[in-house]
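[1] got a predicted structure plus its sequence, pasted below:
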Amino acid sequence: MLATLSIVLAAFAPASGSGADLESKVVEIFEEHCTVCHDAGSDEVDLDAGPSTLIGQKSKTTGKPLVAPGDPSGSYLLAKMLGEKGIQGELMPLGDDRLSDEKIAVVREWIASLSAPAAGGGAATGGAATGGGGADTDTDTGAGAGTGGADTAALEAELAAKQQAAADAEKPVQALMEELCTSCHDAGADEVALEGSLLHLTSESSKAAGKPFVVPGDVEGSYLWAKMTGAPGIQGEVMPLGDDALPADKLEPVKRWILALGEVEQAKAALAAAGGTAPPDGGGGGGPTGDDSGPTDEAECPKRDRKGNCKVERKRTSEPPFRDIYFVNLPTTAGLGKNAIQFRITHHFGRIGTPRGGFGLDAGAVMSLGVAYGIIDGLDISFRRSNSRKAYELGVKYIPLQQEYGAPVSFGGYASIEYYRDFDTNTSNPVSGNFQLMLSRLWFERWSTQLVLGYHLRTNHAANVTYDFGDGNGAVAVTDTRDTMNVGLASQIRLGKKRYHSIDLEYLFPIPAQVFYWNGALENKANVGAWALGWTAITPSKKHVFKVFLTNTREIHTNLVAPGGQTRNPFPSGQKYPFDFFLGFTISRRWSL
């Protein structure tokens with residue numbers, strides 16, 4: 001009788017506190033004893049963000065779950081408070097006595113309160129109400145199954161809502177990555193790809209630091225956040241590299257997304273504890289909403305054109321053959337990308353070996369200032385101006401085939417028109433044009449090659465040209481309107497572990513047929529074309545490029561380079577300084593608009 005009375009009284013006794021009341025008490029315990037160390041900047045765990053954020057998190061030192069819903073003995077948080085065997089480090093709070101039994105009991109009870117009803121039914125409601133204390137097994141099972149099924153359906157709906165919220169929170173983060181990060185962290189990046197869906201970051205770790213990029217619900221424990229905020233312990237520089245630190249309003253979407261992922265994990269844990277099965281994530285974080293028919297239409301087609309047709313975005317699969325729009329004298333198959341702008345300075349010093357020329361510094365230089373703009377990916381326009389013959393060049397480049405998007409090679413064309421504003425007594429053929437086709441490929445991720453075929457209009461710009469036609473009148477003044485056809489070869493070998501600098505080789509060979517013009521044609525001299533040997537350094541952001549090179553041409557603009565260089569033997573004998581070439585450099589900077 002006494003035993004029966006005890007059971008009845010226990011069944012109707014009020015709980016020591018609701019889940020919310022218990023959590024508020026745990027918050028007070030954390031604030032009193034823990035958050036002085038375990039705040040938002042803590043390396044191990046942030047206890048200032050609220051106890052519920054610990055669900056789904058694991059200890060970084062042991063890999064054990066900090067809070068296992070419904071399982072106090074399996075929760076590493078409680079083990080650290082009790083000083084149990086198997087913990088790493090000291091009892092918590094560090095340097096203090098163990099928490100009182102009353103406070104530990106609050107934490108234990110809060111963890112136990114997180115338990116969801118077991119699959120197949122709730123024990124109290126199903127057994128006591130309908131089965132007479134659980135004696136009728138069939139009745140108890142049936143009632144329990146009905147209750148559990150209803151709870152599972154509610155939890156599935158909650159999970160779907162959390163997944164959709166995480167998908168919505170991810171979109172501004174994707175936009176931020178597209179704006180600031182994917183120029184380096186594309187599909188071919190060494191460290192991590194930040195194009196498109198970012199869910200893969202929850203299962204990947206930094207190769208440099210070994211830390212997880214995104215820990216759902218744990219902002220400070222996510223290496224992505226640490227790199228973007230410059231937190232202690234990161235490897236290398238704060239990201240984005242080469243730019244100013246991001247302001248708080250730019251970082252806030254990243255924080256909200258990581259926290260939203262934590263809520264998804266909590267919902268999954270609750271559903272699993274109820275005996276349900278969590279549906280897979282889809283569509284960048286959003287899951288099914290009642291059926292398993294796969295991703296929603298919005299997930300399959302996030303962007304549409306004005307007619308409603310799906311716009312399929314290309315994904316990079318590798319590095320491009322070249323990372324700058326010019327090699328040394330030749331254009332490359334690289335483009336700037338949509339809405340990107342580049343400013344460029346190219347400088348050729350005077351001829352090295354000129355008496356009193358200061359190794360080219362005092363021998364007269366050619367300078368060019370240029371700007372280029374990416375209209376769409378693969379279509380650029382450019383404009384540049386140089387002091388040689390007071391030249392202007394307006395060009396357009398189109399690259400319809402790009403290896404970085406899965407093609408076996410990159411292929412495209414460059415066309416430009418040039419105008420020379422110099423005096424008639426100094427320059428002839430003031431208007432000219434150029435047409436070039438480029439075919440390139442990146443081999444073994446380190447070696448790039450390119451073939452260029454060029455046709456250039458009216459390339460002899462020398463004034464006062466004379467020619468003896470052999471008619472007995474001797475040499476007479478003429479205007480040489482011949483064109484130039486040439487073949488160019490470029491090769492680049494990327495150096496270093498991350499391949500951010502390279503050795504560059506380039507050769508441009510004009511076809512020496514009488515119908516064409518090349519440097520030395522009028523003097524009937526052997527042609528050697530234009531060559532260049534250089535070194536290129538590019539920052540990891542791929543926004544800054546620096547080149548230094550030796551070349552046998554003093555010119556920079558396409559039509560002026562086409563006939564070949566001004567010097568032949570780079571190391572001639574019989575002169576004071578046995579050098580006969582030019583030193584040059586290029587500096588460029590790219591911005592995304």
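    That came through, no problem.
[2] helices of the stretch 201-350 of the chain, start to end?
    With helices called from DSSP state H, counting those that start in this stretch, the stretch 201-350 of the chain shows them at 223-229, 248-273, 297-300.
[3] ok, so what distance separates the spatially most central residue of the chain from Thr553?
    The centroid of the chain falls nearest to His185 when counting by Cα atoms, centre = their mean (2.1 Å). His185 sits 37 Å away from Thr553, taking Cβ to Cβ, to the nearest Å as the criterion. (Each C-beta comes from the backbone N, C-alpha and C, glycine too.)
[4] count of residues packed around the residue nearest to Leu442 when sequence neighbours are not counted?
    Leaving aside its sequence neighbours, Leu442 sits nearest to Pro321 (Cβ to Cβ, 6 or more residues apart in numbering; 4.2 Å). Per other Cβ atoms under 10 Å, the neighbour tally for Pro321 reads 25.
[5] surely Val561 is in contact with Ala530?
    Yes: using Cβ atoms under 8 Å, Val561 is in contact with Ala530, at 5.7 Å.
[6] now do the shared contacts for these two.
    Asn329, Leu508, Thr553 (Cβ atoms under 8 Å, 6 or more residues apart in numbering).
[7] and the residues you listed, which is closest to Gly337?
    Asn329 (23.3 Å; Cβ to Cβ).
[8] how close does that closest one get to Arg421?
    22 Å.
[9] please identify which of those two sits among more neighbours.
    Asn329 (27 against 11).
[10] spatially, what comes nearest to that one if we skip its sequence neighbours?
    Nearest non-adjacent residue to Asn329 (Cβ to Cβ, 6+ apart): Val561, at 4.7 Å.
[11] residues contacting the residue nearest to the centre of the chain?
    Taking Cβ under 8 Å, 6+ apart, one finds Met177, Glu191, Val192, Ala193, Leu194, Glu195 in contact with His185.
[12] where is pLDDT lowest across those residues?
    In terms of pLDDT, Glu191 ranks lowest among the contacts of His185, with 72.
[13] where's that one, which helix or strand?
    Glu191 belongs to no helix or strand when elements are defined using DSSP states H and E.
[14] OK, contacts around it?
    His185, Ser206, Lys207, Ala208.
[15] residue ranges in the stretch 1-150 of the chain under the pLDDT threshold?
    1-19, 41-43, 115-150 (pLDDT under 70).
[16] just to revisit the earlier point, any of the contacts of Glu191 buried? List them.
    If you count burial by 16 or more other Cβ atoms under 10 Å, the buried members of the contacts of Glu191 come out as His185, Ser206.
[17] got a markdown table for the contacts of Glu191, with pLDDT and distance to Ile538 too?
    Formatted as a markdown table, these follow (pLDDT from 0 to 100; distance: Cβ to Cβ, whole Å):
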| residue | pLDDT | distance to Ile538 |
| --- | --- | --- |
| His185 | 77 | 15 |
| Ser206 | 85 | 22 |
| Lys207 | 81 | 20 |
| Ala208 | 79 | 19 |
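[18] closest one of the contacts of Glu191 to Lys25?
    Distances from Lys25 to the contacts of Glu191, taken by Cβ to Cβ, are shortest for Ser206, at 37.3 Å.
[19] low-confidence ranges, the stretch 251-400 of the chain, go.
    279-314, 355-360.
[20] which residue ranges of it form strands?
    340-352, 366-376, 379-386, 391-401 (DSSP state E, counting those that start in this stretch).
[21] restrict stretch 392-407 to CA atoms and write it as CSV.
    Written as CSV, here are the backbone C-alpha positions of stretch 392-407 (Å, rounded to 0.1, in the frame of the first residue of the first chain):
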residue,chain,number,x,y,z
TYR,A,392,46.6,55.2,-77.7
GLU,A,393,45.3,51.6,-77.9
LEU,A,394,41.7,50.5,-77.4
GLY,A,395,41.2,46.7,-77.3
VAL,A,396,38.7,44.0,-76.6
LYS,A,397,39.3,40.4,-75.6
TYR,A,398,36.9,37.5,-75.8
ILE,A,399,37.7,34.1,-74.3
PRO,A,400,34.8,31.7,-75.1
LEU,A,401,36.7,28.6,-74.0
GLN,A,402,38.2,28.5,-70.6
GLN,A,403,40.2,25.6,-69.0
GLU,A,404,39.3,26.7,-65.5
TYR,A,405,35.6,25.9,-66.3
GLY,A,406,36.3,22.3,-67.5
ALA,A,407,37.5,22.9,-71.1
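[22] quick check: buried residues in it?
    Residues of stretch 392-407 classed as buried: Glu393, Gly395, Lys397, Ile399, Gln402, Gln403, Glu404, Tyr405 (neighbour count, 16+ other Cβ under 10 Å).
[23] list the contacts of the closest residue to the fifth one other than its chain neighbours.
    Nearest-residue entry for Gln402: Ser410, 5.1 Å, with adjacent residues in sequence omitted and distances by Cβ to Cβ, 6+ apart. The contact partners of Ser410, taken as Cβ under 8 Å, 6+ apart, are Pro320, Pro321, Thr333, Ile399, Leu401, Gln402, Gln403, Glu404, Met438, Leu439, Ser440, Arg441.
[24] could those be laid out in a markdown table, adding distance to Pro572?
    Listed next are the contacts of Ser410 as a markdown table, based on distance: Cβ to Cβ, whole Å:
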| residue | distance to Pro572 |
| --- | --- |
| Pro320 | 39 |
| Pro321 | 35 |
| Thr333 | 36 |
| Ile399 | 40 |
| Leu401 | 43 |
| Gln402 | 43 |
| Gln403 | 41 |
| Glu404 | 43 |
| Met438 | 33 |
| Leu439 | 35 |
| Ser440 | 34 |
| Arg441 | 36 |
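[25] circling back to that earlier point, just say helix, strand or coil for the residue nearest to the centre of the chain.
    Three-state call for His185 (DSSP: H, G, I helix; E, B strand; the rest coil): coil.
[26] next, the closest residue to it other than its chain neighbours: secondary structure please.
    Closest residue to His185 apart from its sequence neighbours, by Cβ to Cβ, 6+ apart: Leu194 at 4.0 Å. In three-state terms, and counting by three-state DSSP, Leu194 is coil.
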